[in-house]
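Peer 1: A structural model of the following input is requested.
(one chain, ligands or ions: 1)
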Amino acid sequence: MKELKTERLILKGLSLDNLSDFFDYCKNPKIGPMAGWKPHDSMEESEKILKSMITSNEVWGLYHKKDSRLIGTIGLHKRSSRNKKELGYVLREEYWGQGITPEACKAVIKYAFEEEKLHKIEIFHFPFNTQSKRVIEKMGFIFEGIRREDIKRFDGKYLDSFGYSMLKSEYEKKERNDDNAKT
Ligand SMILES: CC(C)(COP(=O)(O)OP(=O)(O)OC[C@H]1O[C@@H](n2cnc3c(N)ncnc32)[C@H](O)[C@@H]1OP(=O)(O)O)[C@@H](O)C(=O)NCCC(=O)NCCS
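Peer 2: Residues are numbered from 1 along each chain as shown. Predicted coordinates:
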């Protein structure tokens, strides 16, 4: 994973050295179900999942600069088409509401369009996930529609997913507008 830096964060590849921090937030019942997965029950379960994330090479760890601890992840996942990827994120609860995820998203979106040369980034949230919805809105993603009973969650519930996307042209336009606003 290419290392990316923001004001408060370092985004870099995960390592098994991060296992205890990873388990610490993945066992929180307020986190996984919002993103579709079961809270982790054991360090062994977290280790298996952490290893698969490392192997996937699609997920950055979010490390806070103040103490270098792992406080979440952000992923850019390959999907059916070669020209688009899906963004996903998770953040340790103690850090919610400080704009950390938007800060990480900004760096990953820039990387995705400018270095990976993607044409489109997609993102989804469940109907009840207003926290993620706010991040998506703040990043300027465009609502595409609702996929009905799209995902079977770990607890057997079929959930609608609300889909959004950003095109490279939209990203470039926003960058130009931001530059103009600065001058
Ligand atoms: C979604 C998530 C990554 C957002 O990260 P974040 O860094 O807190 O994002 P922001 O700081 O921009 O806050 C987003 C919204 O969360 C809400 N929020 C803030 N603090 C909160 C708290 N302590 N508890 C509940 N919601 C809170 C606010 O509505 C905020 O929107 P606002 O900026 O309009 O006030 C985080 O809530 C999380 O990890 N959730 C569980 C996993 C998940 O849902 N992943 C995404 C799956 S699609």
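Peer 1: Please make it C-alpha for all contacts and neighbour counts, starting now.
Peer 2: OK.
Peer 1: What is the neighbour count of R147?
Peer 2: Residues within reach of R147, counting by other Cα atoms under 10 Å, total 13.
Peer 1: Tell me, what's the model's pLDDT at it?
Peer 2: Model confidence at R147, given as pLDDT, is 97.
Peer 1: by contact count, what packs against the helix or strand hosting it?
Peer 2: If you go by DSSP states H and E, R147 is part of strand 142-152. Packing partners of strand 142-152 (3 or more Cα pairs under 8 Å, 6 or more residues apart in numbering; DSSP states H and E): strand 158-167.
Peer 1: May I see the buried residues of the helix or strand that the strand it packs on is followed by?
Peer 2: Per DSSP H and E, strand 158-167 leads on to helix 168-182 as the next helix or strand towards the C-terminus. Neighbour-count burial for helix 168-182 flags K168, Y171 (criterion: 16 or more other Cα atoms under 10 Å).
Peer 1: With only the CA atoms kept, save the helix or strand of the chain with the lowest mean pLDDT in CSV.
Peer 2: The helix or strand of the chain with the poorest confidence is helix 168-182; it has a mean of 91 (mean pLDDT, DSSP states H and E). Output of helix 168-182 as CSV, limited to C-alpha atoms (Å, rounded to 0.1, in the frame of the first residue of the first chain):
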residue,chain,number,x,y,z
LYS,A,168,-13.1,11.5,-12.1
SER,A,169,-14.6,14.5,-14.0
GLU,A,170,-16.5,15.5,-10.8
TYR,A,171,-13.4,15.2,-8.7
GLU,A,172,-11.4,17.3,-11.1
LYS,A,173,-14.1,20.0,-11.2
LYS,A,174,-14.2,20.1,-7.4
GLU,A,175,-10.4,20.4,-7.2
ARG,A,176,-10.5,23.3,-9.7
ASN,A,177,-13.2,25.1,-7.7
ASP,A,178,-11.3,24.5,-4.4
ASP,A,179,-8.2,26.0,-6.0
ASN,A,180,-10.1,29.0,-7.3
ALA,A,181,-11.6,29.6,-3.9
LYS,A,182,-8.1,29.7,-2.3
